[in-house]
Structure formats: structure tokens, C-alpha cells
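S.K.: Here is my input; please provide its structure:
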Amino acid sequence: MRKTIILIMLFMASTAMFAQAPIAVGQSQFNAGLGLSSWGVPVYVGLDFGVHPDITLGAEASFRSYRDRWSGRRYNHSVIGISGNANYHLNRILNIPSNWDLYAGINIGFYIWNSPDGYEGSRSSGLGVAGQLGGRYYFTDTFGLNLEFGGGNAFSGGKFGISIKL
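M.R.: Next up is the predicted model:
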């Protein structure tokens, strides 16, 4: 067990020397992964753009499907989400190592439910605003893993995935 911990620490230290974060001004980053939700498992893709050394703006799309039972019948539902986000990256003010990226921000978006006739039909959520807190660990200059928690939107539980700097 001790050898495993030492190897993990050496690996993280060696990758820290070659990685950098967050996104530079003018740089973009692709994000993709799975979300946590009480109605289905969302799959998401997004793109973030560096607009300031500590601020990114981004857009995201998600899809999920789930089954439900109503009046003794089973129904398949699908939900499409589209949102925009703004994040403040805390690395500089908290003096966080460059291979980590800790951020907090807000998002605004809407969701479209497609349910069979006789149940709910198709409908839209209208615009909604939510907040998020997340972090990334970069293994290289361009590849990392992300974990984000939020509330008040379709990803209320959070999401986990990859980040690739373009």
C-alpha cells in the first residue's frame, strides 16, 4: 500500500511539472462526459473559451433518456439541454498548482422534454439560472479530468468527464 501511494505521488509530481491551467486568453477547451441526475444519465459536450486570465465563457449541450411508468403504462422520455456558462478560475488568487484548475460560476439555459402524447407531450423548461463549482486535474498540457457540482438545473447532482485544450 505504501509503495502504491509513493508511486501515485511521484506520478502526480512529474505531471505537475509539464502541465498548465487554466485556459489562456484566446484558447478553447472541449469538455465531455456523464452527468448525475434523478431522471436519466445525461451525456454532455461543451466548449469553453478563455476571455480573461481568470474567466472563461462556454456553451454546453446535453442529452438524456429515461423510462417512466404512468397509469400502468411505460413511457420513454428524452431531454435535450442547451446552456451557456461563465466561470471564474481561482488558481491565481488561491495560488493553486498549475496542473489543477478550481472554478466557480453561473450558467443559464433551457431544457426540452419530449414525452409521448397522453403523458406530458413536448415542453420546454424556459430559461433557468444555476451555479456550479468544479475542478480539473491536467495530466498533460492538453488533457485532464473534470468534476463539477451544481444545483438548480438538469445536472443538479453534478458531472464527470474529460477536458481537452484545443
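S.K.: Output the one helix or strand F49 maps to as CSV, nothing but the C-alphas.
M.R.: Remark: F49 resides in strand 43-52, with elements defined by DSSP states H and E. The C-alpha atoms that make up strand 43-52 are tabulated as CSV, following Å, rounded to 0.1, in the frame of the first residue of the first chain:
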residue,chain,number,x,y,z
VAL,A,43,-24.3,12.8,-21.7
TYR,A,44,-22.8,16.3,-22.3
VAL,A,45,-20.4,18.1,-24.6
GLY,A,46,-19.2,21.7,-24.2
LEU,A,47,-16.7,24.2,-25.3
ASP,A,48,-15.1,26.9,-23.1
PHE,A,49,-13.2,30.0,-24.3
GLY,A,50,-10.6,32.0,-22.3
VAL,A,51,-11.7,35.6,-22.3
HIS,A,52,-9.5,36.8,-19.3
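S.K.: what are the pairing partners of it, and which direction each?
M.R.: strand 28-36 (antiparallel), strand 55-70 (antiparallel) (DSSP bridges).
S.K.: Mind telling me which of the ones you listed the model trusts least?
M.R.: When these are compared by mean pLDDT, strand 55-70 comes last with a mean of 87.
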